[in-house]
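>>> Here is my input; please provide its structure:
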Amino acid sequence: MSRTSDPTPLRDGLGLPVAVPRPVRRIVSLVPSLTETVARSAPGLLVGATDWCTHPAGLDVVRVRGTKNPDVDRVVALAPDLVLANFEENRQADLDALRAAGLTVWVTVIRTVDEAFGALARMLAACGVELPAWLERAEAVWREPFGGRRRAAVVPIWRRPWMVLGSGTFAGDVLARLGVDNVYGASPERYPRVPLAELLAAPAELVVLPDEPYAFSADDGPESFPGRQVALVSGRHLTWYGPSLVEARDVLVRQLAAAAEKPGTA
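Below is the predicted model of the structure:
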């Protein structure tokens, strides 16, 4: 089968023209969410992924190290038709190196749930993949408005030093859709460093602790917030924007409700 580039370049999430080869047969993904998206939608296309791409279970592709330090030479050796990346997850220097090596790179920009649906649909279309049923189900799930009582929260994502969700984050939008208002949602930074003393003084009823990127757990995190409701939540369901969105709403609603039933220890 002959191979050509799209005569009218498509534009990725950054608005950059991308001359996607036709047909796309080989994809390397540098983002766990995008890896799962392709693996669930067109598994035969994926030939490489990062070490952090843990879903779907049993994914058997060449590993190319991490999102922040991909092995550029290994990616190039896989001869992908398209490399999938994200404006937040991947470093510009690595993307520039891949492009300099002659590879075609598609960058997604995802800061909200709605952006996720649009970005994933455009990315899959660029790969020549029809809109998958799971994406339509996820859109239906998240179309339902929140009708309960809202709660203000701080959302740490790291400790030593403490860092929290700030402005313009996908996870912040997910929580807002579930009745959780991020106290630091208007911060000028996306992931500000905030001393613990300031977190304890914040006007927040709730503390949301995801298990990634920092692995907060029942024994590591809640003890720092005595007297507060603490919700231990799935980091994958909070921060991933692929097929996990189908079940993420139910999972997170249950975990957030559990915090109201078990307030922190005074």
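>>> distance between the longest helix seen in the chain and the chain's centre?
For the chain, the helix with the greatest residue count under DSSP state H is helix 245-261. A distance of 17 Å separates the centroid of the chain from that of helix 245-261, by C-alpha atoms, centre = their mean, to the nearest Å.
>>> which parts of the one helix or strand Leu98 maps to are buried?
For Leu98, the host element (DSSP states H and E) is helix 92-100. Neighbour counts over helix 92-100 (16 or more other C-beta atoms under 10 Å) mark Asp94, Leu95, Ala97, Leu98 as buried. Any C-beta I mention is one placed from the backbone N, CA and C, and that applies to glycine too.
>>> For Pro156, state which of those is nearest.
Asp94 (27.6 Å; C-beta to C-beta).
>>> List the contacts of the closest one.
Residues near Asp94 by C-beta atoms under 8 Å, 6 or more residues apart in numbering: Leu30, Asn69, Pro70, Val72.
>>> and if you look at Arg111?
Gly168, Thr169, Phe170, Asp173.
>>> Tell me the most packed of these, by neighbour count.
Thr169 (23 neighbours; other C-beta atoms under 10 Å).
>>> Verify the stated contact: it with Arg190.
Yes - contact criterion C-beta atoms under 8 Å: Thr169 and Arg190 qualify, at 5.8 Å.
>>> Spell out which residues make up each domain of this protein.
Domain assignment of the chain by automatic domain parsing yields the ranges 4-140, 148-261.
>>> got any ranges where this structure has weak pLDDT?
1-8, 260-266 (pLDDT under 70).
>>> for the spatially most central residue of it, phi and psi?
In the chain, the residue lying closest to the centroid (C-alpha atoms, centre = their mean) is Trp240, at 3.5 Å. Note on Trp240: its backbone torsions stand at phi -90, psi 140 [degrees, to the nearest 10].
>>> which outside residues touch stretch 155-166?
For stretch 155-166, the external contacting residues (C-beta under 8 Å, 6+ apart) are 154, 171-172, 175, 180, 182, 184-185, 187-196, 199, 207-210, 213-214, 216, 221, 224.
>>> Endpoints of that stretch, how far apart?
End-to-end distance for stretch 155-166: 9 Å, by C-alpha to C-alpha, to the nearest Å.
>>> just stretch 200-219 next, same as before
Using C-alpha to C-alpha, one end of stretch 200-219 lies 18 Å from the other.
>>> And it, how far out from the chain middle?
18 Å.
>>> Next, please give the residue ranges for the helices of the stretch 51-200 of the chain.
72-77, 92-100, 113-126, 133-143, 170-176, 196-201 (DSSP state H, counting those that start in this stretch).
>>> Look up how far Val28 lies from the nearest residue to Gly168 once chain neighbours are set aside.
Counting by C-beta to C-beta, 6 or more residues apart in numbering, Gly168 lies nearest to Arg111, which is 5.1 Å off, once chain neighbours are set aside. If you measure Arg111 against Val28 using C-beta to C-beta, to the nearest Å, the figure is 24 Å.
>>> Equivalent analysis for Val109, please.
Per C-beta to C-beta, Val109 is found 19 Å from Val28.
>>> So those two - more neighbours on which side?
Set Val109 next to Val28 and count neighbours by other C-beta under 10 Å: Val28 wins out with 30 against 14.
>>> And for Arg228, the neighbour number?
Arg228: 22 neighbours (other C-beta under 10 Å).
>>> How about the one 4 residues further on?
Using other C-beta under 10 Å, Leu232 is surrounded by 19 other residues.
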